[in-house]
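Structure for this input, please:
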Amino acid sequence: MSTRRLKLAGTLIGLMLAASSTAMAQNVNGCERTQVQDPPRTVFQCANGLVIEAEAASAFNIDTAAGATRPEDVDLETDAMLIEVEPGSGPFQVRTPHAIAAVRGTIYAVDVGPERTSVFVLRGHVSVSRPDGSDTVLLAAGEGADVAPGLPFAPATWSAERAAGLMSRFGQ
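Below you'll find the predicted structure:
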């Protein structure tokens, strides 16, 4: 009887893993999806020069509005993404449990942890606010912000070590 239960448990675990892998292998209208190694991540090359790189373990959902040529926003629950938006290509934002990072043309990274969301700008400008839209700050290249519930946040110049640590997660 215990062997039968083990087989059933193994089958259920296999089905759950298959379902989660399918959810992670999200197809996005207007984007070509590629798996990249070293470090492992998923890259979405989208219309109008939008590039979204997601760490392999990240949990996210990319939304494309009906009739849109590319996504305009992503919900990122865990881990990090690197975003590249061509200037003049239209709005794009990343929503996390702690913050919203919205841009018009730039390269930036968003890292979600259990207690905070960190946003770092490589090029251009990014507007960062709380999920309700309050406490908005504008980040420029080389600046970042750590947004946590109930704590103040402001633009800060990141050390080379901190910026390199985040960017190394995307092979940069």
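
Can you give the contact residues for stretch 117-132?
85, 87, 95-111, 135-148, 153, 158, 162-163, 166-167 (C-beta atoms under 8 Å, 6 or more residues apart in numbering). Every residue, glycine included, has its C-beta placed from N, CA and C.

Now it: buried residues?
Thr117, Ser118, Val119, Phe120, Val121, Leu122, Gly124, Val126, Val128, Ser129, Arg130 (16 or more other C-beta atoms under 10 Å).

Is it correct that Thr157 is in contact with Ala141?
No - when contacts are counted by C-beta atoms under 8 Å, Thr157 is not listed as touching Ala141 (10.0 Å).

Pick out whichever of the two has more residues nearby.
Set Thr157 next to Ala141 and count neighbours by other C-beta atoms under 10 Å: Ala141 wins out with 14 against 11.

pLDDT value on the more buried one, please?
For Ala141, the pLDDT comes out at 96.

got it, and Gly14?
For Gly14, the model assigns a pLDDT of 38.

next one: the one 3 residues further on
The score at Leu17 is 35. That number is its pLDDT.

Repeat that for Met24.
Confidence score, pLDDT, at Met24: 45.

before we move on, what about Lys7?
41.

Across the sheet, point out what pairs with Asp79.
Val112 (DSSP bridges).

Tell me which residues touch Leu76, please.
Ala54, Ser58, Ala59, Phe60, Val94, Arg95, Thr96, Val110, Val112.

mind listing what Glu143 touches?
With C-beta under 8 Å, 6+ apart, Glu143 has these contacts: Phe120, Val121, Pro155, Ala156, Thr157, Trp158.

Next one: the residue nearest to Gly88 when sequence neighbours are not counted relative to Arg116, how far apart?
Leaving aside its sequence neighbours, Gly88 sits nearest to Gly105 (C-beta to C-beta, 6 or more residues apart in numbering; 6.2 Å). Per C-beta to C-beta, to the nearest Å, Gly105 is found 26 Å from Arg116.
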